[in-house]
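Chemist: what follows is a predicted structure for the sequence shown.
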Amino acid sequence: MPDLADLFPGFSSNWIDTSIGKMFARVGGEGPPLLALHGYPETHVMWHRVAPALAERFTLVLPDLPGYGWSAVPDAAPDHSPYTKRAMAGVMVEIMEALGHVRFKLAGHDRGGRVAYRLALDHPGRVEKLATLDIIPTWDMWDQMDARLAMRAWHWPFLAQPYPLPELLLKNSANEYFDLLTKAWKRGKEEAFDDRALAHYRASFTDPLRIHAGCEDYRAGQSTDVAIDAADRKAGNKITCPMLALWGVNGLPSQNTPLEVWQQWATDVRGEAIAGGHFLPEENPQATTKALLDFFCA
């Protein structure tokens, strides 16, 4: 297998000790800190097309989430920790503190967006501004999970099935599954992924330990994460920092516009649709970069 390409020239590679093991993060750029979190089934590499412009204005921190990429793959507890978004958010705080950042701006795509909004709810003093890319809260996704949504977002109920069903089905067909899933999300735009980035994603996604971690991520979403979100809804807790919601014109399936949903969860939120499917930073890096810079630099 050839060496994986370095798509972040000038960035440092960091293995950071945390309470769950060593986490990997790329760090580059100058300016105030900006933490950017990747989604499923990718790694930190998903930011490679927007990172150069962001790094001109910010110290950009790009970790691999627990169980993804080059980060540790800890064992899962009965409540699916440390793959709950609350637990993952806590580890992201550990990473930022280890790098010397107590307060920071925060962006998250897909599963990383779920970690990001949970971090903003659980650690409001840490987050100056929050941007989510092509998600609505986990509680709303499961609340809207009717037959139509289950057919379109079929990986949600599939990956959340109890161990070992999805792992058994994926272990011998990980690449085929990856292709089916991402082709649907790209809406047929084959050039959405750089081949060098795709090699990174496949190297992580075909690892049986990381297949299991991804399933635990979704199991946590269906159970503990929903319960934590529900408790916030009942208590009236909301995201209080300025928030930007971005979504793909052909991306996120939802009964409402994402902005309408997020207005129920945040006190100061704006949002816009960006041309493309689910993978905004790779499908439309120019528009995504502009939206993020306009928001974070304002």
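Modeler: Structure's in. What do you need?
Chemist: check contacts around Val127.
Modeler: Neighbouring residues of Val127 by Cβ atoms under 8 Å, 6 or more residues apart in numbering: 103-106, 119-120, 241. Every residue, glycine included, has its C-beta placed from N, CA and C.
Chemist: outside of stretch 275-287, which residues touch it?
Modeler: Against stretch 275-287 from outside (Cβ under 8 Å, 6+ apart): 42, 46-47, 49-50, 109-110, 133-134, 182, 185-187, 189, 192-194, 197, 246-252, 274, 288.
Chemist: buried ones in that stretch?
Modeler: Buried residues in stretch 275-287, counting neighbours by 16 or more other Cβ atoms under 10 Å, are found at 276-285, 287.
Chemist: now those residues as a markdown table including secondary structure?
Modeler: A markdown table is the format used below for the buried residues of stretch 275-287 (DSSP: H, G, I helix; E, B strand; the rest coil):
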| residue | secondary structure |
| --- | --- |
| Gly276 | coil |
| Gly277 | coil |
| His278 | coil |
| Phe279 | coil |
| Leu280 | helix |
| Pro281 | helix |
| Glu282 | helix |
| Glu283 | helix |
| Asn284 | coil |
| Pro285 | helix |
| Ala287 | helix |
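Chemist: Val27: which of those residues is nearest?
Modeler: Pro281 (17.8 Å; Cβ to Cβ).
Chemist: distance of the closest one from Asp194?
Modeler: Between Pro281 and Asp194 the computed distance is 11 Å (Cβ to Cβ, to the nearest Å).
Chemist: need the residues touching each of the two.
Modeler: Common neighbours of Pro281 and Asp194 (Cβ under 8 Å, 6+ apart) are Arg49.
Chemist: from the buried residues of stretch 275-287, which is closest to Asn175?
Modeler: Nearest member of those to Asn175, counting by Cβ to Cβ, is Phe279, at 17.7 Å.
Chemist: sheet partners, orientation included, of the longest strand seen in the chain?
Modeler: Identified as the longest strand of the chain according to DSSP state E is strand 21-29. Strand 21-29 has its sheet partners listed here by DSSP bridges as strand 12-18 (antiparallel), strand 59-63 (antiparallel).
Chemist: between those, which gets nearest to Gly221?
Modeler: Closest approach to Gly221 among those (Cβ to Cβ): strand 59-63, 19.2 Å.
Chemist: CA-only coordinates of the closest one in PDB, if you can.
Modeler: This file holds the C-alpha atoms of strand 59-63, laid out as PDB (Å, rounded to 0.1, in the frame of the first residue of the first chain):
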ATOM      1  CA  THR A  59      -4.600  28.700  14.100                       C
ATOM      2  CA  LEU A  60      -6.500  25.800  12.600                       C
ATOM      3  CA  VAL A  61      -6.800  22.600  14.700                       C
ATOM      4  CA  LEU A  62      -8.000  19.500  12.800                       C
ATOM      5  CA  PRO A  63      -8.300  16.400  15.000                       C
END
